[in-house]
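>>> got a predicted structure here, sequence first:
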Amino acid sequence: MAQTKRKRQTKHRGNAAGVVESRGRTGRKPTEAEKTGKAATPKLTRQERLEKPPTWLGAFYRAMAAAVLMLLISIVLLKKPNEAIALFPIVLIAYVPISYYTDNWLYKRRMTSKARQAGKAGSK
């Protein structure tokens, strides 16, 4: 006679208290990166991100976010969506260079400060 109930694929896992303990990893062996906890594409730390020079694309994305926020606020405050939408490209065009040059100024300031600290550490 054919079996009506599917057989269990794995053993019941549990102890006398009813707690199910995890079996751990089964299957393929972990790679070296997985063993050490480092991903294939590591995320940059905050310090590494700050050491990268600013880009126009990054400034554009930041300006886009600010312009969208400005659009939403102006729609709420002006109560005239047409005027708010007309203001959007003007704000975007103005914010891109402001964002880039502010980032550039902060980057240069950070790098000169870092060079000064490296110079002090090297002279000791």
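Structure received. Numbering: from 1, shown residues only.

>>> so for the longest helix seen in the chain, mean pLDDT?
In the chain, with assignment by DSSP state H, the single longest helix is helix 81-123. Here the mean pLDDT over helix 81-123 is 90, rounded to a whole number.

>>> name the helices or strands packed onto it?
In terms of contacts (3 or more C-beta pairs under 8 Å, 6 or more residues apart in numbering; DSSP states H and E), helix 81-123 is packed against helix 56-78. (C-beta placed from N, C-alpha, C; glycine too.)

>>> orientation of the helix it packs on relative to helix 81-123 in degrees?
With axes from the mean of the first three to the mean of the last three C-alpha atoms, to 10 degrees as the criterion, the two stretches helix 56-78 and helix 81-123 enclose an angle of 140 degrees.

>>> which of the three states applies to the residue most central in space within the chain?
Among the residues of the chain, Lys43 comes closest to the average C-alpha position under C-alpha atoms, centre = their mean, at 8.1 Å. Using DSSP: H, G, I helix; E, B strand; the rest coil, the three-state assignment for Lys43 comes out as coil.

>>> what's near enough to touch it?
Applying C-beta atoms under 8 Å, 6 or more residues apart in numbering, one finds that Lys43 lies in contact with no residue.

>>> how close does it get to Ala65?
21 Å (C-beta to C-beta, to the nearest Å).

>>> try Thr36
When distance is defined by C-beta to C-beta, Thr36 is 35 Å away from Ala65.

>>> before we move on, back to that, Arg49 versus the residue nearest to the centre of the chain, what's the distance?
Applying C-beta to C-beta, the value for Lys43 to Arg49 is 9 Å.
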